[in-house]
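Novice: got a predicted structure plus its sequence, pasted below:
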Amino acid sequence: MVVRPRRHPLVPLTLLLSVLLIAMFAQTPALTLFAFIGATLYLATAARSVLTMRSVIGYLILWVLVAVTNPLFSTGGATPIVFIGGRPYTREALLYGIHLGGMLISVLLWFRCETFLVAEENRFFLFGRIAPKSALLISSVLRFVPLLRRRAEAMRGAQTAVGVYDDPDWLHRTRSTMTTWSALTTWSLEHAIDAGAAMKARGYGLPGRTTYRTCHFTKTDAVCLTAILALDAVTIAALATGRLDISYYPEIITARAGLLGRCGIAAFAVLTLLPFFSFLKEDLRWCYYRSKM
């Protein structure tokens with residue numbers, strides 16, 4: 001069971017967008033590292049799934065691949081480590097590849113955190129009246145991947161039970177796998193069409209239609225939102241003043257962070273760890289109440 005903090009959906013959505021935007025556009029390794037740590041800790045506690053941790057390992061492998069291959073395509077940099085086919089493999093390109101790979105997987109992990117931070121009914125509550133079609137599309141896309149995985153495992157299990165994959169011939173096994181995936185794709189498209197037709201039949205998107213869940217913006221939500229915006233302001237101020245700037249080409253040049261730069265890094269670290277500590281608090285409270293039953 002996923003224990004979500006009892007907050008107005010605008011609060012976690014603001015936090016999520018803040019982390020994503022800063023992680024995508026900041027050229028600071030420290031911010032990228034904290035974005036990765038915050039997402040990993042939250043997924044490790046919220047998902048509690050071996051599959052999720054395997055996905056994190058897969059992201060780490062992707063990080064290494066991006067870091068190692070970036071110098072093969074970018075020959076910029078003044079410090080060659082080795083020459084491959086006459087092209088320099090530079091230290092600056094390698095370090096930039098490490099940062100680029102970290103930024104990529106951090107953004108992917110935070111998008112995965114979105115499925116735990118913002119429930120499906122909360123997405124409809126936030127965007128159902130403003131942009132009902134977009135809200136339905138986004139919710140369907142985010143739900144599509146886990147639903148597709150579960151359906152694929154069920155279909156593969158059924159095919160294995162009837163002996164479809166018992167034939168050692170690789171051509172037969174490949175043909176069977178393609179047939180299974182063809183059926184899975186057809187089912188997915190039909191399911192999407194049926195879901196859209198069902199929502200239209202229920203009057204989704206019509207003027208005056210109420211949402212499934214009504215959320216009230218409380219004083220605690222106002223305090224949390226103010227804290228998130230304050231942390232954003234400190235981090236953005238440090239980035240805007242160039243305290244966290246780093247240049248990779250042709251040489252690595254880092255700006256003097258100073259007090260504002262260190263405060264910006266600390267503010268972003270707190271911002272990325274807020275979901276983890278919030279979930280941990282709710283989980284401990286749930287365990288305490290369950291022990292009293």
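Specialist: It's in.

Novice: can you map out the strands along this structure?
Specialist: Taking DSSP state E as the test, the strands found in the chain are 80-84, 87-90, 246-247, 253-254.

Novice: for residue 77, what are its contacts?
Specialist: The contact partners of residue 77, by C-beta atoms under 8 Å, 6 or more residues apart in numbering, come to 71, 88, 90-93, 248-251. (Glycine included, C-beta is placed from N, CA and C.)

Novice: change it to 10 Å
Specialist: 71, 88-96, 248-252 (C-beta atoms under 10 Å, 6 or more residues apart in numbering).

Novice: give me the subset of the residues you listed that lies in helices.
Specialist: With helices taken from DSSP state H, the overlap with the contacts of residue 77 comprises 71, 91-96.

Novice: looking at these, which one is closest to residue 178?
Specialist: residue 71 (37.5 Å; C-beta to C-beta).

Novice: count of neighbours near residue 7?
Specialist: Number of residues near residue 7 (other C-beta atoms under 10 Å) recorded here: 20.

Novice: isn't it up against residue 279?
Specialist: No - assessed by C-beta atoms under 10 Å, residue 7 is found out of contact with residue 279, at 11.3 Å.

Novice: list residues touching both of the two?
Specialist: With C-beta under 10 Å, 6+ apart as the test, residue 7 and residue 279 both reach residue 117.

Novice: could you point out where the stretch 1-150 of the chain is predicted with low confidence?
Specialist: Within the stretch 1-150 of the chain, the stretches with pLDDT under 70 are 1-6, 48-53, 119-135, 138-139, 141-143, 145-146.

Novice: please repeat the previous calculation with a cut-off of 80.
Specialist: Where the stretch 1-150 of the chain drops to pLDDT under 80, the residues are 1-9, 46-56, 75-77, 85-86, 114-116, 118-150.

Novice: now the strands of the chain as CSV including distance to residue 240 and mean neighbour count?
Specialist: Converted to CSV, those look like this (distance: least, C-beta to C-beta, whole Å; neighbours: other C-beta atoms under 10 Å):
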stretch, distance to residue 240, mean neighbour count
strand 80-84, 34, 12
strand 87-90, 30, 18
strand 246-247, 15, 14
strand 253-254, 17, 11
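
Novice: circling back: mind giving me the ChimeraX select for the contacts of residue 77, buried ones only?
Specialist: The ChimeraX command for the buried members of those (criterion: 16 or more other C-beta atoms under 10 Å) is given here:
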select :71,88,89,90,91,92,93,94,95,96,248
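
Novice: now residue 257, nearest residue through space, not along the chain?
Specialist: Once flanking residues are discounted, residue 257 sits nearest to residue 243: 5.4 Å by C-beta to C-beta, 6 or more residues apart in numbering.

Novice: now the one you found: how far from residue 11?
Specialist: Using C-beta to C-beta, to the nearest Å, we find residue 243 at a distance of 28 Å from residue 11.

Novice: next one: residue 242
Specialist: Distance from residue 242 to residue 11, by C-beta to C-beta: 30 Å.

Novice: more neighbours: which of those two?
Specialist: A side-by-side neighbour count of residue 242 and residue 11, using other C-beta under 10 Å, places residue 11 first with 24 against 11.

Novice: just to check, that one is in contact with residue 17?
Specialist: No - using C-beta under 10 Å, residue 11 is not in contact with residue 17, being 11.2 Å away.

Novice: can you map out the helices along the stretch 1-150 of the chain?
Specialist: 10-25, 29-46, 50-73, 91-117, 120-127, 132-161 (DSSP state H, counting those that start in this stretch).

Novice: any buried residues in the third one, and which?
Specialist: In terms of neighbour count (16+ other C-beta under 10 Å), helix 50-73 has its buried residues at 52, 55-56, 59, 63, 66-67, 70-71.

Novice: shared neighbours of residue 11 and residue 17, which are they?
Specialist: In contact with both residue 11 and residue 17: residue 228, using C-beta under 10 Å, 6+ apart.

Novice: would you mind measuring from the residue lying closest to residue 196 once chain neighbours are set aside to residue 199?
Specialist: Nearest residue to residue 196 in three dimensions, chain neighbours excluded: residue 136, at 7.1 Å (C-beta to C-beta, 6+ apart). Residue 136 sits 6 Å away from residue 199, going by C-beta to C-beta.
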